[in-house]
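[1] Provided below are the primary sequence and the corresponding predicted coordinates.
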Amino acid sequence: MFIVACNKNNEEFKYFGTATALFNGKTWKASKVRCSINYPCYKGKLGFSFYVYNNKGLLRESLIFQKIPAVKGKYILGPVNYNDPLCQDTTAKSGYVTAQDDGDVLLDSYNAIPSTNNFFTIEDYNERTKELRGSFAVTFKIFSRQDPNSPDTIRVTNGKFYTRILE
């Protein structure tokens, strides 16, 4: 299960950067990008959230990467672990959800298929400015479906991002 929280006044959140990829071969671009430190129990790890909003400003897609070390490197991605209440699983994770209604109602959720072909790479990290640049690729399998027309599998390839750690 993927949880998408509703914050009707999201002005408190800061966004910075760009993220693009191919989703099943089609061009995909994030409307907003956020990178933040994973708190409370994953010290030194980052969370990346790439959001797509429609032309009315309503959230439609969330692509997330969790528990990414804040250093240059290539990190193999696994599925999000929903049975980790004590924060013991420190491996990098990825998930993808679609939303409906005013953006706070979950439509479909996908989880990364365990594979060494799923990765998130930090290619450049400027510790002074907190800016990061890198690439990603991941294959997702449907975890929870509401839309019968949603694909069973989503292959994200040629992913590129540029962002800054925002606290």
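    It's in. Residues are numbered from 1 along each chain as shown.
[2] what is the neighbour count of Lys26?
    Using other C-beta atoms under 10 Å, Lys26 has 7 neighbouring residues. To be clear about C-beta, it is placed using only N, CA and C from the backbone, and glycine gets the same treatment.
[3] for it, which residues make a bridge with it?
    Going by DSSP bridges, Lys26 is paired in beta bridges with Phe23.
[4] quick one, longest strand in the chain?
    Counting residues, the longest strand found in the chain (DSSP state E) is strand 131-144.
[5] partners of that strand, with directions?
    In the sheet, strand 131-144 lines up against strand 105-112 (antiparallel), strand 119-126 (antiparallel), strand 153-164 (antiparallel) (DSSP bridges).
[6] what about Lys74, distance to Asn158?
    15 Å (C-beta to C-beta, to the nearest Å).
[7] for Lys14, same thing?
    Distance of Lys14 to Asn158, given as C-beta to C-beta: 27 Å.
[8] what number of residues lie near Val105?
    As a burial measure, Val105 scores 12 neighbours (other C-beta under 10 Å).
[9] tell me the secondary structure at the closest residue to it other than its chain neighbours.
    Spatial nearest neighbour of Val105, excluding adjacent residues (C-beta to C-beta, 6 or more residues apart in numbering): Ala99 at 6.2 Å. Secondary structure for Ala99, judged by DSSP: H, G, I helix; E, B strand; the rest coil, is strand.
[10] now for Ala99: which residues touch it?
    For Ala99, the contact set (C-beta atoms under 8 Å, 6 or more residues apart in numbering) comprises 4, 58-62, 105-107.
[11] same deal with Phe120?
    By C-beta under 8 Å, 6+ apart, Phe120 lies in contact with 48, 65, 68, 74-75, 77, 92, 94, 134-136, 138.
[12] so which residue is smack in the middle of the protein?
    The residue lying closest to the centre of the chain (C-alpha atoms, centre = their mean) is Ile64, at 1.3 Å.
[13] would you show me how to pick out the buried ones of the contacts of Ala99 in PyMOL?
    Under the burial definition 16 or more other C-beta atoms under 10 Å, those of the contacts of Ala99 that qualify are selected in PyMOL by:
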select buried, resi 59+60+61+62+106+107
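[14] quick revisit: which one of the strands paired with strand 131-144 lies closest to Arg145?
    Smallest distance to Arg145 across these (C-beta to C-beta): 5.3 Å, for strand 105-112.
[15] now, which of the contacts of Ala99 sits nearest Arg164?
    Nearest to Arg164, judged by C-beta to C-beta, of these is Ser62 at 19.1 Å.
[16] specify the residue positioned farthest from the middle of this structure.
    For the chain, the largest distance from the centre (C-alpha atoms, centre = their mean) belongs to Arg128, which lies 24.0 Å off.
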